[in-house]
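predicted model, plus sequence, below.
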Amino acid sequence: FGMEIVWPNRDVWAGPVYVDSIQILPGMPSAEPAIVSVTAATNTVGRYQRYEITVGVDHVTRLNPYDPANVDLRAVFTSPNGTNWTVNGFYMEEAGDVYGSGRFNVRFAPAEVGVWTYEVIISNSQGSDSSTGHSFTCVASDRSGWIRVSDDNPHYFEHHDDSPFIGKGYCHPWDGDDEGIFAAAAEHGVNMIHWWMAPWDTLLTVKPGNPDEWWREKSTYDTYEQGRAAERDRVVGHAEKHGVKLVFTIWPHDAIRDFNHHKWRLNGSWAPCNKDNSIGMTNKISEPEWYYNAFSDLDDPPQNQKFFYDARYKEYQNRLYRYIIARWGYSEAIGTWALVSELFGTFANSASAVRYQDPPAGVTQPGDFDGRDPFLNMPTNSVVDGNDYSISWLEYINDYFKDNDPFGHPTTASYGTDEYWEHGFPIVDVPQ
């Protein structure tokens, strides 16, 4: 075993080199995957409550367990009236597990009382395997199910069981792993909370902004940080327990822009700014970047706007969205999929947004940066021909969730200006 370290733009290096971790890249499938066991957490479950199975699999060692091209796990549940529900499985790790040593699960919630049957299927390029003959019993519960736009009046929500839902809520976008938040909400009649996958909190595709801070959570654009995923499990569980619906935000604006936005210049989290030094924090003296979006590693240097139109970036987005739906889509605590929070000012349309509030010539805003003009583009903020990809990307991500969520959660999105989003709001189910 040997390793060569290549340091671009340096002819001589006289100091030590510290290696934080080495990840052996996954291989390609070389054998037909096999199902060796199917274990259910229970044989009886209440209507709209979680039914979870753990699937033992073989011949997937050294494959990327997050890539459905390597491990495509799914279950087909058949209701008492004969309706089929296809639900994807997902890979998860507990604290202390090493990469690849976790387990594969499928989560479902039945909408009909009676005996359900199901088949579990696994496949990749080498073949497939299935396990049949499984069943469980769904009994009545006090749950009303997922919310949706009302069939009778599109200005209102209703539950899956047709009972009305009137939302009363507020925004608590991060630090949600506290059951007391949800208990207090229920006590005061609050049944909806807006919550983000923030880069510094529960975004699954993150890397530390400072590579010297080796203790921070880290993942990649095609693996998902499991400590954060476990936190999301707990938050969803708190919401379920206390009858709160989450406005479950996939992309807060911070994760898909740098920190030269016209208003929020201190906490952009797409990529670390390495304009002046290797750890990327000189230009942000008042709020150093703790984490950045690992999608920016798809190109070196980062090509930011490609996130919104490039097929390769969308391929990895599809994997992430599939994972999110598979792990949390079952839950009636998912009120809506908030596809993006405040899309204006992200790389989707940064040609206009970055210059949205141009200062007079020579004017800077002391306090945001260390004496430099905060309106100047940072080196990672490249824009392709001034194009605006807001609408085409919103159509793409909305279509993915509508086409692939078997539980039918409504979608929403926000733009972040004081104007009606004429072309964006009609795309999603609920304007925000």
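Happy to help now that I have it.

now do the contacts for the residue nearest to T61 when sequence neighbours are not counted.
Leaving out its chain neighbours, the residue that sits closest to T61 by CB to CB, 6 or more residues apart in numbering is G100, at 6.9 Å. C-beta: built from backbone N, CA, C; applies to glycine. Taking CB atoms under 8 Å, 6 or more residues apart in numbering, we find G100 in contact with 61-62, 65.

just the buried residues from these, in PyMOL please.
A single PyMOL command is used to select the members of the contacts of G100 judged buried by 16 or more other CB atoms under 10 Å:
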select buried, resi 65
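
tabulate the contacts of G100 (TSV), appending pLDDT, secondary structure and distance to G243.
Formatted as TSV, these follow (pLDDT from 0 to 100; DSSP: H, G, I helix; E, B strand; the rest coil; distance: CB to CB, whole Å):
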residue	pLDDT	secondary structure	distance to G243
T61	86	coil	42
R62	85	coil	44
P65	95	coil	34
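
in a helix, A255, correct?
Yes: assessed by DSSP: H, G, I helix; E, B strand; the rest coil, A255 belongs to a helix.

got the contact list for it?
Shown in contact with A255 (CB under 8 Å, 6+ apart): 197-199, 203, 269-270, 293.

just to revisit the earlier point, what does the residue nearest to T61 show for phi and psi?
When read as degrees, to the nearest 10, the backbone of G100 gives phi 90, psi -10.

which non-adjacent residue is nearest the residue most central in space within the chain?
Centroid check for the chain by CA atoms, centre = their mean gives I250 as the closest residue, at 4.9 Å. Setting aside the residues directly before and after it, I250 is nearest to L339 in space (CB to CB, 6+ apart), at 5.5 Å.

give me the element the one you found is part of.
L339 belongs to strand 334-341 when assigned by DSSP states H and E.

which of the contacts of G100 sits closest to N318?
P65 (16.4 Å; CB to CB).

spatially nearest residue to that closest one, not counting backbone neighbours?
Nearest residue to P65 in three dimensions, chain neighbours excluded: Y91, at 3.8 Å (CB to CB, 6+ apart).

you'd agree L246 is up against G335?
Yes: between L246 and G335 there is a contact under CB atoms under 8 Å: 5.5 Å.

between those two, what contacts are shared?
By CB under 8 Å, 6+ apart, L246 and G335 have these common neighbours: M192.

quick one, phi/psi of the nearest residue to G408 once chain neighbours are set aside?
Nearest-residue entry for G408: R148, 5.9 Å, with adjacent residues in sequence omitted and distances by CB to CB, 6+ apart. Backbone geometry at R148, expressed as degrees, to the nearest 10, gives phi -150, psi 170.

look up the residues forming beta bridges with R148.
Assessed by DSSP bridges, R148 has beta-bridge partners E158.

which ones are touching it?
Going by CB under 8 Å, 6+ apart, R148 touches 157-160, 408-410.

quick revisit: what pairs with the helix or strand where the residue nearest to the centre of the chain lies, and is each one parallel or antiparallel?
In this assignment (DSSP H and E), I250 forms part of strand 245-252. Next to strand 245-252 in the sheet, as set by DSSP bridges, lie strand 192-196 (parallel), strand 334-341 (parallel).

other residues contacting the shortest one?
Strand 192-196 is touched from outside by 167-174, 176, 181-182, 185, 202, 235, 239, 244-249, 252, 335, 338, 341, with contacts defined as CB under 8 Å, 6+ apart.

what's the ChimeraX line that selects buried ones from these?
For the buried members of these, the matching ChimeraX selection, counting by 16+ other CB under 10 Å, is:
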select :169,172,173,176,181,182,185,202,235,239,244,245,246,247,248,249,252,335,338,341
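
skip ahead from the strand or helix carrying Y292 and say which helix or strand is next.
Element membership for Y292 (DSSP H and E) is strand 291-293. The helix or strand immediately downstream of strand 291-293 is helix 311-328, counting by DSSP H and E.

convert the C-alpha atoms of that following helix to CSV, please.
Below are the C-alpha coordinates for helix 311-328, written out as CSV (Å, rounded to 0.1, in the frame of the first residue of the first chain):
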residue,chain,number,x,y,z
ALA,A,311,-26.9,16.5,-15.3
ARG,A,312,-24.1,15.2,-13.1
TYR,A,313,-25.1,17.4,-10.2
LYS,A,314,-28.8,16.4,-10.6
GLU,A,315,-27.8,12.7,-10.6
TYR,A,316,-26.4,13.1,-7.1
GLN,A,317,-29.3,15.3,-6.0
ASN,A,318,-31.7,12.5,-7.1
ARG,A,319,-29.9,10.1,-4.8
LEU,A,320,-30.1,12.5,-1.9
TYR,A,321,-33.8,13.2,-2.5
ARG,A,322,-34.5,9.5,-2.8
TYR,A,323,-32.8,8.9,0.6
ILE,A,324,-34.8,11.7,2.3
ILE,A,325,-38.1,10.3,1.0
ALA,A,326,-37.1,6.7,2.0
ARG,A,327,-36.1,7.6,5.5
TRP,A,328,-38.7,10.2,6.5
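
can I assume Y321 is in contact with D399?
No: contact criterion CB under 8 Å: Y321 and D399 do not qualify, at 10.6 Å.

quick one: which of the two has more around it?
Per other CB atoms under 10 Å, whichever of Y321 and D399 has more neighbours is Y321, with 19 against 12.

how close does the more buried one get to D178?
From Y321 across to D178, the span is 27 Å (CB to CB, to the nearest Å).

ditto for R234
R234 is 9 Å from D178, by CB to CB.

give the buried residues for the helix or strand where H238 lies.
H238 belongs to helix 226-241 when assigned by DSSP H and E. Neighbour counts over helix 226-241 (16+ other CB under 10 Å) mark 226, 228-233, 235-240 as buried.

for the residue nearest to G408, give its distance to S163.
11 Å.

quick one: contacts for S392?
By CB under 8 Å, 6+ apart, the neighbours of S392 are 308-309.
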